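# Dropping the sequence and predicted coords here.
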Amino acid sequence: MSKHWVSFLVEILVLIVGLLLMDHFFLGGDRLWAIHPHPFLLVVLLASIQYGTNQGLLTALIASMALLLGNLPEQLMTQDIYDYLLEVTYRPILWFGSAVLFGGFRDRQQRENRDLQIRLAHAQKQAEVFSSAYKSLDRERIRLETQLSGQSKTLLTWHQAAKGMERLQHDGNLSQILSIVENVMQAGKCSWFALRNSKLQRDSQKGWEADESYAVAFSPESPLFQEVVGRQRVVCVTSPGDEKILGTEGILAGPLINVESGEVTGMVKIEQLGFTGLNLTSIETFKVLCEWLGTHFGTHTRFENAKSQMIQNPDNQFYSKKYYENISGFIAHLSERVGFESSTIKINTTPGTVLKPETEFRIKEILRDTANEVTRKTDLIFEGDKDRFELLLVLPNTPIDNARVVADKFQKALGESIGHDIQKNHFSLSIEALGTAHEQHRTR
């Protein structure tokens, strides 16, 4: 038996027994027969309205038994059998009718409640289905937005890379390599290593602090050299094996590969990169970028080698240092034979001077423009040691005193272009007679 029925029976029996006890102790003891309407009607109505028809009928049956069992009235002489039966049964009949009438109202309400509960359960199920579908759709939306964002970022990245490579090919300044890596990869710290003398030697870096402990060179015995140069592959910290190879040296490292020849010319290493910037797309971008830069570096190296074999540099029309001894020797002999004086002016950076790559490139342009500005058409300009920005000016038919005038003009123009402090602290200028300078150069 359910708790619902137990509570119903307890309530009904308590009410009926309570009424009977009240009648026994305080009233006539006739089971409330003389009271109209009979109090048991209230119990039947209460059960019918609260629980329904079945409970109301059961309550009417219990009430009828409580009223009639052992309590049937005597038939009067004035009553026939029908009057007596009516006297005995009209109360139970009223109770059963009330149970059917008011219990029906309760049953209809319960049916409506059950129908509403079924509808509510169905609506909740639909809501759960809609919620699940919405969450799935939202996840797909986020995935598509992320994918679209990644594709847009990739297109922007390649656009920036293409612009950087175009600028790099135009000005030939290899110091722009790290600027391209920084802009394309959004790197906080990066460095470029050139392959020289069978070692990876740092050429330049960006974002490094003064107290950085990153290595400046990698020997062939180092694991990073073997992976990047030997196996020609990109090393990424997200791979457990590569994490040991990189150690504390950075996040990404890749070889500069000339795709035309397959030759490795150096390495690009990224020491600091945003967490969201390290993904499969960025790693693939880094691989292609290394190939682009490697191919350009190889082409630039071949072009520089070819230019070194030319008499004149096509970029600035300066004579190659390779021919300085021959041409200056010829002019020295000619000066001695014909009887005129010639001089040389040497301009270079002082030993120990270290400048930023972008500053170096700018100063090269300034030196070229200044030299062309202060020299005459008969003067010859030779490229010297490129690592020290050396320029050699040969001034035919120019005594030492006149050469000093040219040197003063050069110093003044150079100071106005790069600042007199930089010109004074980082550049030296020497003047010699052509014969002496030629002999010194030939004996070195």
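Looks like it came in fine.
# from here on, contacts and neighbour counts on C-alpha atoms
Will do.
# All the strands of this protein, residue numbers only.
For the chain, strands defined by DSSP state E occupy the ranges 187-196, 199-206, 217-218, 235-236, 252-258, 263-273, 343-349, 380-383, 391-395, 427-433.
# and the chain, what are its domains?
With domains defined by automatic domain parsing, the chain comprises 3-123, 176-308, 321-443.
# for those, which one sits closest to Arg139?
Arg139 lies closest, by CA to CA, to one member of the domains of the chain: domain 176-308, at 19.0 Å.
# Pull the distance from the closest one to the chain's centre.
On the basis of CA atoms, centre = their mean, to the nearest Å, domain 176-308 sits 21 Å off its chain's mean C-alpha point.
# could you give me the average pLDDT of that domain?
Averaging pLDDT along domain 176-308 gives 82.
# circling back: and of the strands of the chain, who's closest to Phe25?
strand 263-273 (95.4 Å).
# List the contacts of stretch 362-378.
Asn316, Ile381, Phe389, Leu395, Pro396, Val406, Lys409, Phe410, Ala413, Leu414, Ser417, Ile418 (CA atoms under 8 Å, 6 or more residues apart in numbering).
# Over to stretch 95-102?
Leu41, Val44, Leu45, Ser48, Ile49, Gly52, Thr53, Gly56, Leu57, Ala60, Leu61.
# Mind picking the one among the residues you listed that's closest to Arg337?
Gly52 (139.4 Å).
# show me what contacts the residue nearest to that closest one when sequence neighbours are not counted?
Residue nearest to Gly52 in three dimensions, not counting chain neighbours: Gly103, with 4.2 Å by CA to CA, 6 or more residues apart in numbering. Each residue near Gly103 by CA under 8 Å, 6+ apart is listed here: Ser48, Ile49, Tyr51, Gly52, Thr53, Asn54, Gln55, Gly56.
# what do you get if the cut-off is 10 Å, keeping everything else the same?
If a contact means CA atoms under 10 Å, 6 or more residues apart in numbering, then Gly103 has 44-57, 97, 109 as its contacts.
# Would you list the buried entries among those residues?
44-57 (16 or more other CA atoms under 10 Å).
# where along the stretch 51-200 of the chain do the helices fall?
53-68, 81-171, 176-185 (DSSP state H, counting those that start in this stretch).
# Just send these back as JSON lines, with distance to Phe286 too.
Output for the helices of the stretch 51-200 of the chain, formatted as JSON lines (distance: least, CA to CA, whole Å):
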{"stretch": "helix 53-68", "distance to Phe286": "81"}
{"stretch": "helix 81-171", "distance to Phe286": "10"}
{"stretch": "helix 176-185", "distance to Phe286": "7"}
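# Please name whichever of these is nearest to Val14.
Among those, the nearest to Val14 by CA to CA is helix 53-68 (11.8 Å).
# ok, back up a step: restrict the contacts of stretch 362-378 to the buried ones and give me that as a ChimeraX selection.
The ChimeraX command for the buried members of the contacts of stretch 362-378 (criterion: 16+ other CA under 10 Å) is given here:
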select :381,389,395,396,406,409,410,413,414,417
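# Give me the buried positions along stretch 362-377.
Quick answer for stretch 362-377 (16+ other CA under 10 Å): Ile363, Ile366, Leu367, Arg368, Thr370, Ala371, Asn372, Val374, Thr375.
# typo on my end, stretch 288-301
Counting neighbours by 16+ other CA under 10 Å, one finds that the buried residues in stretch 288-301 are Val288, Leu289, Cys290, Glu291, Trp292, Leu293, Gly294, Thr295, His296, Phe297, Gly298, His300.
# Same check on stretch 4-17?
Leu9, Ile12, Leu15, Ile16.
# who's in contact with the third one?
What it means is Leu15. So Leu15 contacts Leu9, Leu21, Pro39, Phe40, Leu42, Val43 (CA under 10 Å, 6+ apart).
# if you set the cut-off to 8 Å instead, what comes out?
With CA under 8 Å, 6+ apart, Leu15 has these contacts: Val43.
# and it, what pLDDT?
pLDDT at Leu15 comes out at 85.
# heads up, I number from 5, so please use that
Let's use 5 as the start, then, which means that last one is Leu19.
# Please tell me how far it sits from Ser136.
52 Å (CA to CA, to the nearest Å).
# The second one too?
The gap separating Ile16 from Ser136 is 48 Å, by CA to CA.
# The first one too?
Applying CA to CA, the value for Leu13 to Ser136 is 45 Å.
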